[in-house]
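I would like to see how this sequence folds:
(one chain, ligands or ions: 1)
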Amino acid sequence: MRKQSFFNHNWRYAAQKAALDAPDDLFEAVTLPHANKIFPHSNFDNQEYQFISTYRKTFSVWGGNREDGADVPAGPEGYARGQDALVFLDFDGVMLACTVFLNGKMVGEHLGGYAPFSVEISGELRDGENILTVYVDSRERKDIPPYGHLVDYLTFGGIYRDVYLRMVSPIHIENMFIQTADVLNDPRLFCDVRVNHFSEGLSLKATLVDSQGDEIASAYQTAAQKTTRVTFEALPATALWSIESPTLYSLQVSLIQNGEIVDTLSSRFGFRQAEFRPDGGFYLNGDRIPLVGLNRHQTYPYIGAAAPRRLQRQDAEIIKYELACNVVRTSHYPQSPHFLDRCDEIGLLVFEEITGWQHVGDDKWQAICLDELEVMIERDRNRPAVILWGVRVNESGDNDDLYARTNALAHKLDPSRQTGGVRDFLGSSFLEDVYTLNDFSNGIQKPREQPHLITEYSGHMFPTKIWDHEERLIEHALLHAKICNLQIGNEKIAGAIGWCAFDYATHIEFGSGDRICYHGVMDIFRMPKWAAYLYQSQQAPAKKAVLQAATHWTMGDRNGGGNNPITVFSNCDEVEIIIGENNVGRFQPDFDSYPHLAHPPFVIHGLNAYSAWGQAEFYDLHLVGYVQGEAVIEQWISSSRLPKRLALSTDSDELQADGTDMTRLMFKVTDEFGNPLPYAAKVVSFELEGEAELIGENPFPLIGGQAALYIKAGHQPGRVTVRADAPGLPQALVSLAIVPAAAVEGRKFQRRISKSSPISFRG
Ligand code: GAL
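Numbers count the residues shown, from 1 in each chain. Have a look, this model is predicted:
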């Protein structure tokens with residue numbers, strides 16, 4: 001029977017190409033996911049992650065002392081040496097290329113940093129101790145996507161996603177593709193199951209399991225070939241998967257050989273119908289939904305792309321709950337399964353695309369691109385959240401030969417989903433099902449093809465830093481408001497996905513010179529700029545009342561001074577403004593300028609009497625939000641603008657003692673009401689006590705009023721306390737628990753790579 005376990009622990013790492021027999025003391029102990037280098041959050045050189053590194057792990061599967069390979073299942077039940085189990089290593093992602101050696105012999109090679117791959121090690125495994133070596137080439141090699149030309153993002157390096165060890169019987173399930181049909185009237189369910197090797201006497205049993213874990217239906221099929229379809233004849237009543245109610249089911253498929261179950265694999269899925277229609281709209285379960293979303297890069301401050309499960313999942317939560325988006329684009333490559341898992345669970349739609357940026361390389365490069373497309377679709381086609389495959393290298397020119405192939409491949413592997421192909425000009429060859437356009441006109445270009453989806457706007461047209469002048473921050477937020485309003489009001493547009501959710505690290509040819517693109521509606525730490533509140537305020541107030549005044553509340557920061565008008569992002573019906581003792585009045589959202597937004601910004605004029613340069617004494621600002629006449633939320637902003645507090649918080653009060661779990665440690669210098677003070681520059685220093693590590697700059701020279709580090713768990717349960725100090729402010733403290741690591745279920749994706757000649761690490 002199948003056994004799968006984490007293979008993330010007890011690795012050794014050397015930041016160089018070490019000989020296969022190099023002594024262990026050349027290496028440091030690490031846990032995966034791992035970044036080949038830790039950076040400051042900005043102002044670093046991408047040359048510094050570009051090298052070949054060596055990862056080594058000593059482990060035993062059969063016999064021998066298992067201490068070193070503690071995450072290998074002890075005594076793999078049902079398997080003993082000689083019972084012919086096949087053993088694989090499943091890598092979720094290694095940046096950018098790697099070769100894998102077991103006991104001195106090469107067992108696999110993989111090119112490309114965003115796709116998972118599997119290496120079979122059965123043949124080379126020996127009793128007792130085995131030594132695994134992975135050479136990771138993190139150089140920006142021109143022969144591997146996205147490289148070959150300029151790229152506006154960094155790839156970073158290392159074994160930056162999870163690794164699993166998997167044991168299966170010689171005949172096992174390789175992949176399953178679950179499809180539903182007619183979900184709105186008479187739901188049907190079938191699954192194409194592929195085995196690694198067909199032989200006579202095989203049959204399949206599929207069991208449908210609901211979200212409570214109850215088995216609710218099953219189906220049988222004799223296997224007649226490598227891929228066999230199992231069809232459910234009758235289904236009990238099932239619930240739809242939707243944005244509001246993302247009900248997940250799972251399908252458990254057992255492979256039976258001569259009456260005995262030899263393998264079982266399961267996958268989650270949902271009953272839902274998602275389609276872009278010729279009328280221009282996107283329909284989910286028959287209802288037209290304007291898509292409102294943001295692009296996400298998978299990179300983080302300090303750790304590059306090596307974010308563990310918790311941080312990956314949290315990004316999906318931020319985009320759904322803090323930015324109230326209904327869709328995300330995985331710009332510009334397949335992203336972490338943990339991120340996508342969370343999208344499935346919380347109902348965040350996904351446009352997932354292949355790797356690349358404006359450049360298409362030679363035949364070999366294109367072969368990697370096609371291979372990644374295949375792997376991406378085979379990995380993610382059971383996910384209800386995924387609604388569209390991006391089968392064109394982002395913003396590349398027309399290339400009918402290549403894109404006819406990517407489209408055909410996508411349709412063959414997944415007839416149930418449409419394709420898009422992101423370009424930045426109108427009138428290109430329309431080989432896909434949806435015309436997906438990056439529209440940087442700062443307005444909306446008239447669609448020529450249907451359906452039409454905007455896949456980027458704003459971005460480099462309006463880079464904005466958290467410490468920018470307030471007029472720029474407001475204008476940034478209002479540009480997003482403008483495009484959202486225009487697209488929702490245009491029935492020929494299915495939706496728009498803005499550039500982008502979070503600021504990100506980039507090459508020197510882009511960004512602000514400090515190697516950061518300040519294009520996010522949140523900063524690189526995933527903390528909000530005012531544009532974030534524009535998105536957040538589009539949700540119903542019943543879910544969460546939102547009220548954020550877009551003002552630094554100063555008398556002399558704007559051109560000409562004063563505070564007129566004040567922009568407020570809120571989903572309330574009315575906002576009341578009180579300045580000192582003066583109740584200025586209640587105001588309504590600006591429906592005249594933004595008629596299509598559910599909750600337009602409030603743009604409140606007429607404050608001069610209370611806040612004009614040289615004409616009014618200056619008092620605290622108090623805003624109250626009303627829904628149906630009832631006060632539901634308020635905000636106070638201090639007129640003194642003096643730093644009063646150092647606010648410190650974590651997203652989670654618990655981490656797992658697995659040596660890799662992390663939570664964000666946010667810190668802000670605020671006024672007495674908790675508003676960050678973007679101009680209050682302070683050096684903040686941190687002290688950590690307990691079995692954990694701080695990742696990030698310490699001390700941290702804070703500008704912008706807010707930033708974050710990460711707390712990374714060690715291997716021992718216990719309590720961790722962090723104290724933060726900034727000159728002139730009371731010390732801040734947070735504490736959290738490190739709890740014993742829970743067993744986490746293994747990943748289901750597998751894909752075998754072929755062995756080939758050792759990679760030549762070209763200099
Ligand atoms: C687009 C590109 C994105 C990003 C963006 C900045 O052209 O697709 O990756 O560079 O510009 O606005």
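
measure the most far-flung residue of the chain relative to its centre to Val584 for me?
In the chain, the residue that sits farthest from the middle, by CA atoms, centre = their mean, is Gln615; the gap is 49.2 Å. Taking CB to CB, to the nearest Å as the criterion, Gln615 is separated from Val584 by 15 Å. All C-beta atoms are positioned from the backbone trio N, CA, C, and that covers glycine.

likewise Ala29?
The span separating Ala29 from Val584 equals 61 Å under the rule CB to CB.

looking at these two, which is more packed in?
Neighbours were counted for Ala29 and for Val584 using other CB atoms under 10 Å; Val584 has more, 18 against 12.

figure out the helix or strand that the more buried one lives in.
Of the helices and strands defined by DSSP states H and E, Val584 is found in strand 582-587.

which residues are in contact with the helix or strand just after that strand?
Elements were assigned by DSSP H and E; along the chain past strand 582-587, the next helix or strand is strand 602-604. If you take CB atoms under 8 Å, 6 or more residues apart in numbering as the criterion, strand 602-604 is touched by 565-570, 575, 577, 587-590, 593.

farthest-apart pair in those residues, please.
Of all pairs drawn from the contacts of strand 602-604, the widest gap by CB to CB lies between Ile577 and Ser593 and measures 18.9 Å.

between those two, who's got more neighbours?
More neighbours surround Ile577 than the other of Ile577 and Ser593, with 23 against 14 (other CB under 10 Å).

the strand holding Val584: which residues count as buried?
Buried positions in strand 582-587, judged by neighbour count with 16 or more other CB atoms under 10 Å: Val584, Phe587.

hang on, isn't Asp523 packed against Ile703?
No. The pair Asp523 and Ile703 fails to qualify as a contact (CB atoms under 8 Å) at a distance of 11.2 Å.

who has more neighbours, the two?
More neighbours surround Asp523 than the other of Asp523 and Ile703, with 24 against 16 (other CB under 10 Å).

phi, psi of the residue of the stretch 351-500 of the chain found nearest the ligand?
Among the residues of the stretch 351-500 of the chain, Gly459 lies nearest to the ligand; the distance is 2.3 Å by CB to the nearest ligand atom. The phi and psi values for Gly459, taken as degrees, to the nearest 10, are phi 50, psi -120.

likewise Arg719?
Geometry field for Arg719 lists phi and psi as phi -110, psi 150, criterion degrees, to the nearest 10.

would you mind giving the secondary structure of the closest residue to Phe425 other than its chain neighbours?
Distances taken as CB to CB, 6 or more residues apart in numbering put Leu437 closest to Phe425, at 7.8 Å, once the chain neighbours are dropped. Secondary structure state of Leu437, per DSSP: H, G, I helix; E, B strand; the rest coil, is strand.

and what of Cys191?
Cys191 carries the three-state label strand when classified by three-state DSSP.

on that earlier part again, and the residue farthest from the centre of the chain, that one's in a strand?
No. According to three-state DSSP, Gln615 belongs to no strand; its state is coil.

that one touches Asn608, doesn't it?
Yes. Under the criterion of CB under 8 Å, Gln615 is in contact with Asn608, at a separation of 7.2 Å.

what's the residue in the stretch 101-250 of the chain that the ligand sits nearest to in contact with, if anything?
Of the residues in the stretch 101-250 of the chain, the one nearest the ligand is Asp152, at a distance of 3.6 Å by CB to the nearest ligand atom. Contact partners of Asp152, counting by CB under 8 Å, 6+ apart, are Trp357, Thr506, His507, Glu509, Phe510, Gly511, Cys517.

so how far is the helix or strand bottoming out on mean pLDDT in the chain from its chain's centroid?
Scoring the helices and strands of the chain by mean pLDDT, DSSP states H and E places helix 608-611 at the bottom, with a mean of 81. Offset of helix 608-611 from its chain centre (CA atoms, centre = their mean, to the nearest Å): 45 Å.

check stretch 627-642 too.
Taking CA atoms, centre = their mean, one finds stretch 627-642 lying 33 Å from the centre of the chain it belongs to.

and that stretch, which residues are buried?
With burial defined by 16+ other CB under 10 Å, the residues of stretch 627-642 counted as buried are Val627, Val632, Ile633, Gln635, Trp636, Ile637, Ser638, Ser639, Arg641.

can you give me the end-to-end span of that stretch?
Distance across stretch 627-642, first residue to last, is 32 Å (CA to CA, to the nearest Å).

what's the closest non-adjacent residue to Asn490?
Among residues not flanking Asn490 along the chain, Ile444 sits closest, at 6.3 Å (CB to CB, 6+ apart).

now do the same contact list for that neighbour.
With contact taken as CB under 8 Å, 6+ apart, Ile444 is in contact with Ile454, Ile483, Leu486, Gln487, Asn490, Ile493.

these also near the ligand: which ones?
With CB under 6 Å from any ligand atom as the criterion, those include none near the ligand.

tally of neighbours for the nearest residue to Ile566 once chain neighbours are set aside?
Leaving aside its sequence neighbours, Ile566 sits nearest to Ile604 (CB to CB, 6+ apart; 4.7 Å). Ile604 is surrounded by 22 other residues when neighbours are defined as other CB under 10 Å.

quick one: Ile604 from the ligand, how far?
Note on Ile604: its distance to the ligand, by CB to the nearest ligand atom, to the nearest Å, is 31 Å.

state the pLDDT value of that residue.
Model confidence at Ile604, given as pLDDT, is 96.

how far away is it from Ala181?
Applying CB to CB, one obtains 52 Å for the distance of Ile604 from Ala181.

checking the most centrally placed residue in the chain next. Helix, strand or coil?
In the chain, the C-alpha nearest the mean C-alpha coordinate belongs to Phe339, at 4.6 Å (CA atoms, centre = their mean). Recorded secondary structure, Phe339: helix (three-state DSSP).

what residues are up against Ala494?
Residues Phe276, Gly280, Gly281, Phe282, Pro290, Leu291, Val434, Pro451, His452, Leu453 are the ones in contact with Ala494 under the rule CB under 8 Å, 6+ apart.

report the two of those separated the most.
Pro290 and Val434 (14.6 Å).

show me which of these two is the more surrounded one.
Val434 (25 against 20).

pLDDT value on the closest residue in space to His507 that isn't next to it in sequence, please?
For His507, ignoring the flanking residues on the chain, the nearest one in space by CB to CB, 6+ apart is Asn46 at 5.9 Å. On pLDDT, Asn46 comes in at 97.

if you tally nearby residues, what's the number for Asn46?
Residues contacting Asn46 under the criterion other CB under 10 Å number 20.

quick check, it in contact with Gly511.
No. Asn46 is not in contact with Gly511 according to CB under 8 Å; the separation is 11.1 Å.

just the CA coordinates for the helix or strand hosting Ile711, please, in PDB.
Ile711 belongs to strand 706-713 when assigned by DSSP H and E. Coordinates of the C-alpha atoms in strand 706-713 are reproduced here as PDB (Å, rounded to 0.1, in the frame of the first residue of the first chain):
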ATOM      1  CA  GLN A 706       4.900  49.500   9.400                       C
ATOM      2  CA  ALA A 707       6.900  46.400   8.400                       C
ATOM      3  CA  ALA A 708       7.400  42.800   9.500                       C
ATOM      4  CA  LEU A 709       9.800  40.000  10.300                       C
ATOM      5  CA  TYR A 710       9.100  36.300  10.500                       C
ATOM      6  CA  ILE A 711       9.300  34.000  13.500                       C
ATOM      7  CA  LYS A 712      10.400  30.600  12.500                       C
ATOM      8  CA  ALA A 713       9.900  27.600  14.800                       C
END
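
and it, what does it pack onto?
If contacts are counted by 3 or more CB pairs under 8 Å, 6 or more residues apart in numbering; DSSP states H and E, strand 706-713 sits against strand 654-656, strand 662-670, strand 692-695.
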